[in-house]
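**Q** Sequence unavailable; structure follows:
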């Protein structure tokens, strides 16, 4: 998959980041969600590369990137650390300022990246998330049942890691297949890639550390921003699946307008996995929102 993309690695300290690049023009960084890899962009990245210089990366803990030890408070998997990974990747390619398209966990990294480094992020499009702090603060029984993995993965080690490692593909297919579109939405080659990567040593620890950080240290960072009245200054476009859970549980645009100054967005006819369920919608939105040369 994504044969036209040049694969490369970037090292940030002891962390190795698997990346890919194709195209010319304005730089556009793509970041994936859980429990996937950069392969999730296979239905949109080639077309985007006809108009942008597209850079993709596997987040730490996922894909072919490193799975470091989490450290105290899971700091190694905080959005702040992952945002620094993204900066290192883009700087390695000569880009000091860029645009970002991101889904799910990658979109949460993008939020922190734009908040911590506003001079580096020109504009961003986030797919199927609301601000993390607001989602935890407004959790309902309906949301908790639908997003069960949020609360399973943050349980103390080693319980969730042990259960995932016992049958990693069962976990992956359960987490992805329980959404609106089921497993039929995914190309078999993409599924094979997700399955290959979740079976790599340390994947369960990386996934759990990612979610534990979001329920801990990331919330602390978010509370500092909210307390200081800091909001994103960049243009922000938000899309979410009309058949997913997000819009049923949260006022998505309202919550983002509390955290950003320039927000637009809408629900689309999709479930959670927009780039794979409705790739043309994502492409049309991207071409209309991102600045091109």
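**A** Right, received. Where do you want to start? All of these numbers come straight from a predicted model, not from anything done at the bench. Numbers count the residues shown, from 1 in each chain.

**Q** Do a quick rundown of the helices in the stretch 101-250 of the chain.
**A** In the stretch 101-250 of the chain, the helices defined using DSSP state H, counting those that start in this stretch lie at 105-116, 132-137, 141-146, 148-152, 159-166, 168-177, 188-198, 203-214, 217-228, 246-249.

**Q** Residues in contact with the last one: which ones?
**A** Contact with helix 246-249 is made by 128-130, 138, 140, 142-143, 146, 240-241, 252, 267, 272, as judged by C-beta atoms under 8 Å, 6 or more residues apart in numbering. (C-beta placed from N, C-alpha, C; glycine too.)

**Q** What of the fifth one?
**A** Helix 159-166 is contacted from outside by 152-154, 171, 198, 203-205, 207-208, using C-beta under 8 Å, 6+ apart.

**Q** Which two among these are spaced furthest apart?
**A** Maximum pairwise distance in the contacts of helix 159-166, criterion C-beta to C-beta, is 18.1 Å, between 154 and 198.

**Q** neighbour-wise, which of the two wins?
**A** residue 198 (24 against 18; other C-beta atoms under 10 Å).

**Q** quick one: the more buried one and residue 35 touch, right?
**A** Yes - using C-beta atoms under 8 Å, residue 198 is in contact with residue 35, at 5.9 Å.

**Q** joint contacts of the two?
**A** Taking C-beta under 8 Å, 6+ apart as the criterion, residue 198 and residue 35 both touch 171-172, 207.

**Q** Look at residue 69 and give its secondary structure.
**A** Here residue 69 is coil, with the state taken from DSSP: H, G, I helix; E, B strand; the rest coil.

**Q** And it, how far from residue 224?
**A** For residue 69, the distance to residue 224 equals 25 Å [C-beta to C-beta, to the nearest Å].

**Q** hang on, the earlier thing: okay if I get the helices of the stretch 101-250 of the chain as a markdown table plus mean pLDDT and distance to residue 4?
**A** Compiled in a markdown table, the helices of the stretch 101-250 of the chain are given as follows (pLDDT from 0 to 100; distance: least, C-beta to C-beta, whole Å):
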| stretch | mean pLDDT | distance to residue 4 |
| --- | --- | --- |
| helix 105-116 | 98 | 21 |
| helix 132-137 | 97 | 34 |
| helix 141-146 | 96 | 37 |
| helix 148-152 | 97 | 33 |
| helix 159-166 | 98 | 33 |
| helix 168-177 | 97 | 26 |
| helix 188-198 | 98 | 15 |
| helix 203-214 | 98 | 27 |
| helix 217-228 | 98 | 35 |
| helix 246-249 | 96 | 32 |
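
**Q** For those, please prepare CSV with the additional fields distance to residue 123.
**A** Formatted as CSV, those follow (distance: least, C-beta to C-beta, whole Å):
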stretch, distance to residue 123
helix 105-116, 9
helix 132-137, 20
helix 141-146, 29
helix 148-152, 28
helix 159-166, 36
helix 168-177, 29
helix 188-198, 27
helix 203-214, 24
helix 217-228, 19
helix 246-249, 21
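
**Q** who wins for proximity to residue 122 among these?
**A** helix 105-116 (9.4 Å).

**Q** Span of stretch 181-193 from start to end?
**A** From its first residue to its last, stretch 181-193 covers 19 Å (C-alpha to C-alpha, to the nearest Å).

**Q** Can you tell me the element residue 16 falls in?
**A** In this assignment (DSSP states H and E), residue 16 forms part of strand 15-22.

**Q** The helices of the stretch 101-250 of the chain: which one's closest to residue 48?
**A** Here helix 105-116 is closest among those (C-beta to C-beta), at 14.9 Å.

**Q** Need the contact partners of the closest one.
**A** Outside helix 105-116, the residues that reach it (C-beta under 8 Å, 6+ apart) are 30-34, 59, 79-80, 82-83, 86-87, 100, 102, 120-121, 124, 126-129, 131-132, 210, 214, 218, 221, 225, 230, 232, 234, 236, 259.

**Q** Out of these, which end up buried?
**A** 30-34, 59, 79-80, 82-83, 86-87, 100, 102, 120-121, 124, 126-129, 131-132, 210, 214, 218, 221, 225, 232, 234, 236, 259 (16 or more other C-beta atoms under 10 Å).

**Q** mind listing which of these are in strands?
**A** Residues of the buried ones among the contacts of helix 105-116 located in strands (DSSP state E): 30-31, 100, 102, 121, 124, 126-127, 232, 234, 236.

**Q** can you tell me which two in the residues you listed are farthest apart?
**A** Top of the distance list for these (C-beta to C-beta): 30 and 232, 18.8 Å.

**Q** Give me the neighbour count for residue 201.
**A** Residue 201, neighbours per other C-beta under 10 Å, totals 9.

**Q** Rounded mean pLDDT for the strand holding residue 16, please.
**A** Mean pLDDT, computed over strand 15-22, is 98.
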